[in-house]
Structures are given as structure tokens and as C-alpha cells.
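J.: Below is the structure, and that's it, no one-letter string:
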């Protein structure tokens, strides 16, 4: 890995779903140790960006590049991206009936590492993270996201992130549907993973997550483009003025 | 991005494991085709009482008179060449109680299928049927001392004619359907179990059915009677050689669960893809009795089977837990029938099916409550999983509710292995192959955890995964 290459470098990314253009030229660079937040109204393309980064088959990239640690990831399978250190915490995690959280986590650790994880190490790692996230041990025997409440799903996403220890964590609307206690726990989980070695991309509609996790950079996404970038102060400006402020500017560009 | 295609393989090593056949050595083989002469001949050779011959002849008459079920998959059903089938084939040798005495070819067959080994490990009694007759039979002595009867049906008719006569064709009359009539006319073999009052048979009793000859028809007849307060688990398995011409398996299974008894009936059906499997299975559950059908259908070209429980006594409980796999060219048409004919009766149907390639699964179910079946409760859940675009699944749930004070619930889902599930698992580092395997195994989990461990292992082994067309 080259030290010069940013952790993630997105250049002029255009993405369509069934011929509908969603992303219309996104540029974004995330270096190790940085936490970025993308804010924007519904339908602006925030979730599309997170799915594209992880290689969801529904999205077609029509133009532009995505480099992870200097490597073009377009040719990588989703699981290869995970093994390379990328992680996406889902806005709506999918239920996998009949598969226990324990079996799932074990398979995920094996997949990311490329080798079997010794049982003892697996138990110890999971136990430690369960404790810090306030998740009961009994969760390990439940079926993945099957009948989970919104808050439970999000906690399990953070548990997975903690256990898999990615270099780049993308969190898609992790704050949505959480009550204040769950938001605090989840935020603590996110903060615990901040570090020199890691980059993070928080995708959020609301400012409230940013009360607990303060990003280094904020980007405002409107209509498939990043309309403005700035520091933490941008979040406050957004909160008082709303997204309307940013629309004319993007339309003018078009 | 091009994705290699992962695929789920079900039963792909069938030919190697089960599809073999031995040279045919029969003591008696009927001419192909069905006739009154043949029916009389079978009855005569078995030295049956007159009343049984009458049953048979009536069955034949009904078989000829009854039309094929109109709602069935006639594209497949109409391919059966009834005139080419051998309806009765008696293998060489007699029924033995020691595996060593069983003729070599037959012994080798069951050895390869792991039957004697299974007996040593986890069974209280074993019966092995080869073509039309039982070739091996044994049961733990302790059960015999408690009065448990476990015999092949022909021996039962000779040794306990009064019990057989009392219950034979009372649960499934020969006129029930075309194939129950056929079975009644030419039945041979099958199991007979009687568990006396209060006796709990803790280890399962098992019967294994094997077809060896080509164009064979196997028509076993099973009757299980659990007397008051007794308990029994019965397991049946079946396989056949892979031939290009068709065989027919048409069994009738009748269960009688007397008050407060429990019968658990486990089937792992794994016929080769040239077998038509047209089976009628039904139980009568008296007051406080429980009948559970656990039904796994992996093999056959066409299976039509709808195990039923008629709850005729207060507080009876019926359950069907079934799983079906249909691969290329296969149609698993399976389901359940729950008939509530008494107050406070409860039933549950859980049906899972997986279709792959051009495979097709059908759930056909009936929940019926008669007037007076107050507080009857029934829960139906059927989930179908389709692995490919060409795969097909249909659900036909029928409810006939003639009592107002009941609770009937029905949920059905049909899903493809979803892009969303695959993407989620792959985003956690699982390969597409491992992700599919995990989804399929999760899907069948409710079934697997209900069946004995030895079968669960076997089932998991049968559902293996393999990459196809990956860029190498």
C-alpha cells in the first residue's frame, strides 16, 4: 500500500439505476484518520453512493472512478471489498432467517480474514464488543435481523463493524429510527472505532447524530452532486437554513 | 462488474450414492400390467383371508373407475405407463432377522445405504423392504416384551388379523382417490406397528424402502396404531436406482392415534428422478392425541403427497412440517390436510420448499373446521424459495371454515434468493457461494432441527454448493 494514496478517492462518479441517473459527478477524498459526513435531503443520492462503494449489483457506474487505497475497486466483488477492509453499516439491514448472529459473525470474520477464526478468539472478541455495546449475549442465538427492532438492528450493525475492524467504515443513516439512548450507544460505538488508521463516512439526513459524533468534514449532497463541503460548522448552518439553500446553486451549475 | 454464478447443488451425487442397482433375482415376478388375475394371484400367494381379497378386488374396480385428479400436473402424470409396470416382484430369499442371512446383493445394497449401521446407532427397530417384500426385520427385545408389535404388513395380517381387520382402510378408504384404490388392490409389504397402552417407545422405529428392478411398482401399506397414552416415532427412508424408464411408488399410510397418544412420522423421500411418488397419508387423532408428520421430499420426478390429520377428539393436535426440493424436471406437489372435527383442537402446518432450475414446487393445503369444532386453532406458514428464473412455485391454500368460533392463521411467502440478502452477506466478506449456502441452510433450519441428528447431517450433506462458470 502506498502511503501517499488516500484511503478513498472518488472522482467524477456517475451512477444510474435502470437508466435513471442518480449520481451526476461526485468527487470525494477520505484520508486515514478522517471522519466525513455526507448530509442531504431524501433522494439526493446518499444511499446510492454507499451501495456503489460496496458494489451493489443494481447500480451501474457510467463514468468516473472509485479508488480504495489507490486501487480501482470496480472490478472487485463485494466480498473482496469487505476483505480489503471496507464495511457498510446498512440503513435497512436484511434479515437472514434461520441463521444465528453467532454463525453469521463467525462466517463474516472468516470471510474478511480469509481464514478460519479460532473459536476461543472469536468468543473473546465478540464478548468484549457485546459488553461495550450493551448487547445481551442471548442475541448471538437469534436469527440475523429477524424480528429485530430498528434499534437492535443498528446495534448489531455496529457490533459487526467493531468485530470486523474495517479500515473504511461507511455508515448509512445509522441514526435513523433510534431513540436517544440507542443513539448514544451507537455513537459511542462509532467513536470507539475512530482512530488514526481508520476512515469513516457517515451518511445522514439529520444533524442529530453529529451532536454525538463530530466529523472532520461535512459535505452537502443535493441532486446527485456534492453541492458544498466544509467543516463541522456546516452542519449547524444546515440545521438553521435547511437544504433549500443549496438547490439553486446546483441547478445553476447544471 | 461480472459476477460468477454460484449455485446450490441438491442431490448431485445421487447416481453414485443411491442410483446403483443390483442384478435382478426374483422368486416371482408378475407380468407387466394390472389385471384381476394378478390381484387374485398376489392374494393367493400371500395366503390371505377372503376379506382382504375382497378389499383388493374392490380397490381394482375403483382404480379403473376413478379418473386421474384433474388438478394434478397432467403433463407428468399422463406419462405413467400403467401397462408397463411390474406390480408385484418377490425377491429371492425370505424375511431375515439377521443381516448376515439376507441374500448378498440385497445385503450389499442396504450396507451401501447405511441401514445396518443406522440400526446399531440410533434405532429401536428396523425393517427393510426390497421390491415388494420385507427382507429384513428386527426389533429390540425389550419392546417386544412390552407388547409392542412391529412387523411388515403381510406378517401382521397373518399374525394379528383381528387388529389389521379392525383398522385396515378405516382412515383411508380405498375409494379415497385413484391411487389409494390402486394401492389397496396390489399392496405388498409396508409396516405395521401397534404400541400398547401407556408404552413409550423412546428410540425410533425405521423402515427403509428400496426399489431395485426397472419399471417396478412398489405399493407398501403401512398401519400404525398408538393405543391410549402411548408414544412412538417412526422413520421411513426410500431410494431407487436411476433408470431411464419410470417406476411407480404408491403407498398408503394410515395412523390411528388413540386418546392421549403421540405419533411422530418422519419421511425422508429420496427416490431417483424416474420414480412417480403418489402417496396417501392420513391420521386420525382422538382426544388429546398428537400426530406429527415430518415430511422431507428430495427425490422423484413427481411427488403428490398431502399428509393429513383428522382431529376427531377434543384437544387433539395435528402437525405437518414439510420440506421439498425440486431440481431440474422435478415437481414436488406436496402439502397438508388438517381437519378439525372436535372442540379445542389445534393444528400447525409449516411448509418450506426450494425449487431450482426448471424444478417446480406446489403447496396444496386444506384446513377444515366442522360445525362444533369450537375454539379450533390452526396456523399455516408456507415459504417457497426459488433459486433460478425458470424455477416455479405455486401455493393453493384452501380453508373450509364451518364453525365461527375458531382462529385460523395463514402466512405465505414466495421469495427468490434475494439480491438484498446476497449483497448483505457478501458485504460482510462471504463469497456468493457461501452466502447462498447460508441463506438456503437458514431457510431449511426449522425443518432440520426437528429431524433426528443423523438425518439432519445427511440432509445438510445433500444440499451442497458449488461454483459454476466462475472465471478460472
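T.: It's in. Just so you know, these numbers come straight off a predicted model, no measurement behind them.
J.: hey, let's count contacts and neighbours off CA atoms from now on
T.: OK.
J.: Would you check how far apart the residue in the stretch 101-250 of chain A positioned nearest to chain B and residue A:117 are?
T.: At 4.3 Å from chain B, residue A:111 is the closest residue in the stretch 101-250 of chain A, using C-alpha to the nearest C-alpha. Here residue A:111 is placed at a distance of 10 Å from residue A:117 (C-alpha to C-alpha, to the nearest Å).
J.: where do the strands sit along the stretch 351-472 of chain B?
T.: Residue ranges of the strands in the stretch 351-472 of chain B, as given by DSSP state E, counting those that start in this stretch, are B:360-369, B:376-386, B:392-401, B:406-416, B:463-468.
J.: now swap in the stretch 1-150 of chain A and tell me
T.: Ranges of strands within the stretch 1-150 of chain A are A:8-17, A:20-30, A:35-39, A:60-68, A:71-72, A:86-89, A:96-100, A:143-144, based on DSSP E, counting those that start in this stretch.
J.: what does the stretch 51-200 of chain A put close to chain B?
T.: Applying C-alpha under 8 Å from any C-alpha of the partner chain, we find that the stretch 51-200 of chain A lies next to chain B at A:54, A:56-57, A:74-83, A:87-88, A:93-99, A:107-112.
J.: Mark which of those are buried, thanks.
T.: Taking 16 or more other C-alpha atoms under 10 Å in any protein chain shown as the criterion, what is buried in those is A:54, A:56-57, A:74, A:76-83, A:87-88, A:93-99, A:107-112.
J.: Which of the residues you listed fall in helices?
T.: Applying DSSP state H to these, the entries found in helices are A:54, A:78-83, A:107-112.
J.: Using the three-state scheme, assign residue 237.
T.: If you meant another chain, say so; for now it's chain A. Here residue A:237 is recorded as helix under DSSP: H, G, I helix; E, B strand; the rest coil.
J.: who's in contact with the residue lying closest to residue B:89 once chain neighbours are set aside?
T.: Leaving aside its sequence neighbours, residue B:89 sits nearest to residue B:29 (C-alpha to C-alpha, 6 or more residues apart in numbering or on different chains; 4.5 Å). Shown in contact with residue B:29 (C-alpha atoms under 8 Å, 6 or more residues apart in numbering or on different chains): B:86, B:88-90.
J.: Scan those and report the most crowded one.
T.: residue B:88 (27 neighbours; other C-alpha atoms under 10 Å in any protein chain shown).
J.: So what's the residue count around residue B:348?
T.: Counted by other C-alpha under 10 Å, the residues lying close to residue B:348 total 22.
J.: so when I look at it, I'm seeing a strand, right?
T.: Yes - Residue B:348: assigned to a strand according to three-state DSSP.
J.: Report pLDDT for it.
T.: We note a pLDDT of 96 for residue B:348 in this prediction.
J.: same question, the one 10 residues further on
T.: In this model, residue B:358 is scored at 94, pLDDT.
J.: Surely it is in contact with residue B:387, unless I've mixed up the numbering?
T.: No - with contact defined as C-alpha atoms under 8 Å, residue B:358 does not reach residue B:387; the gap is 9.8 Å.
J.: Enumerate every residue touching the residue in chain A that chain B sits nearest to.
T.: Distances between chain A and chain B by C-alpha to the nearest C-alpha are smallest at residue A:98, namely 3.7 Å. By C-alpha under 8 Å, 6+ apart, the residues touching residue A:98 are A:143-144, B:439, B:441-446.
J.: Secondary structure, distance to residue B:409 and pLDDT for the contacts of residue B:29 - can I get that in JSON lines?
T.: Converted to JSON lines, the contacts of residue B:29 look like this (DSSP: H, G, I helix; E, B strand; the rest coil; distance: C-alpha to C-alpha, whole Å; pLDDT from 0 to 100):
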{"residue": "B:86", "secondary structure": "strand", "distance to residue B:409": "44", "pLDDT": "96"}
{"residue": "B:88", "secondary structure": "coil", "distance to residue B:409": "44", "pLDDT": "96"}
{"residue": "B:89", "secondary structure": "strand", "distance to residue B:409": "46", "pLDDT": "94"}
{"residue": "B:90", "secondary structure": "strand", "distance to residue B:409": "47", "pLDDT": "93"}
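J.: In CSV: these, plus distance to residue A:182.
T.: Shown next, in CSV, are these (distance: C-alpha to C-alpha, whole Å):
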residue, distance to residue A:182
B:86, 69
B:88, 70
B:89, 70
B:90, 71
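J.: Geometrically speaking, which residue is the centre of the chain?
T.: Because you didn't say which chain, this covers chain A. residue A:170 (1.8 Å; C-alpha atoms, centre = their mean).
J.: try again with chain B
T.: Centre of chain B computed as the mean C-alpha position; nearest residue by C-alpha atoms, centre = their mean is residue B:267, 4.7 Å away.
J.: Could you measure from that residue over to chain A?
T.: For residue B:267, the distance to chain A equals 22 Å [C-alpha to the nearest C-alpha, to the nearest Å].
J.: what bridges to that residue?
T.: With DSSP bridges as the criterion, residue B:267 is bridged to residue B:236, residue B:295.
J.: Report the separation between it and residue B:325.
T.: Residue B:267 is 14 Å from residue B:325, where distance means C-alpha to C-alpha.
J.: where do the contact lists of the two overlap?
T.: Contact with both residue B:267 and residue B:325 is made by residues residue B:297, according to C-alpha under 8 Å, 6+ apart.
J.: Now do residue B:410: how many residues are near it, please.
T.: 14.
J.: Same check on residue B:83?
T.: Neighbours of residue B:83 under the rule other C-alpha under 10 Å: 12.
J.: Mind pulling up the pLDDT for the residue of the stretch 51-200 of chain B found nearest chain A?
T.: Nearest residue of the stretch 51-200 of chain B to chain A: residue B:122, at 26.5 Å (C-alpha to the nearest C-alpha). Listed pLDDT for residue B:122 reads 81.
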